[in-house]
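# this is the structure alone, sequence omitted:
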């Protein structure tokens, strides 16, 4: 059994909320991919987007039991902001990405089926949340860079076009 941890944030009202995407993999039992932690229908649907994005970006999707927990569990999560951090948790769990590649970084972004990163709403709130939690680097969809650059003082913001590039 292995655990991964990826930091992210979601817009919440006029601010943002810090979210930890925790992953667990178990090679025993039937393969499945579950997301828990007050996820909305949109986030539940991300399972299919993530599976397709990983495969179409030439990564392997593990045939194991995968559980993703979105913490804090009592916070209702909505939107596609967490696609990228969930995908990175899966890559870390399956040892296709080193856990050290995820440390002191925050990730946000919607994934298309081919692995491209689509812009998200609420990027200014997310940048402020990253800064408040002393995150050193924030990786975002390239389409959000013009907005995020407005608040870039004190944090390195890295734009990415797709999962493979990242």
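Here it is on my side, so go on. Just so we're clear, the structure is a prediction, and the values are computed from it rather than from any experiment.

# list the residues that contact the residue nearest the centre of the chain.
Nearest residue to the geometric centre of the chain (Cα atoms, centre = their mean): residue 85, 1.5 Å. Applying Cβ atoms under 8 Å, 6 or more residues apart in numbering, we find residue 85 in contact with 6, 7, 8, 19, 21, 107, 108. In short, each C-beta sits where N, CA and C put it, glycine included.

# how about the strands of this structure, start to end?
Using DSSP state E, the strands found in the chain span residues 2-12, 15-26, 32-36, 65-71, 105-107, 110-111, 117-118, 137-141, 156-160.

# what residues sit buried inside the lengthiest helix in the chain?
If you go by DSSP state H, the chain has its longest helix at helix 41-56. Using 16 or more other Cβ atoms under 10 Å as the burial criterion, the residues of helix 41-56 that qualify are 42, 43, 46, 47, 49, 50, 52, 53, 54, 56.

# could I get the residues you listed in TSV, plus columns for pLDDT and distance to residue 154?
Supplementary listing: the buried residues of helix 41-56 in TSV, determined by pLDDT from 0 to 100; distance: Cβ to Cβ, whole Å:
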residue	pLDDT	distance to residue 154
42	76	31
43	78	29
46	90	30
47	90	35
49	94	32
50	96	31
52	96	36
53	97	31
54	97	32
56	96	35
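
# looking at those, which is nearest residue 156?
Nearest to residue 156 among the buried residues of helix 41-56: residue 53, at 24.5 Å, using Cβ to Cβ.

# quick check, the closest one in contact with residue 110.
No: contact criterion Cβ atoms under 8 Å: residue 53 and residue 110 do not qualify, at 9.8 Å.

# lovely, talk soon.
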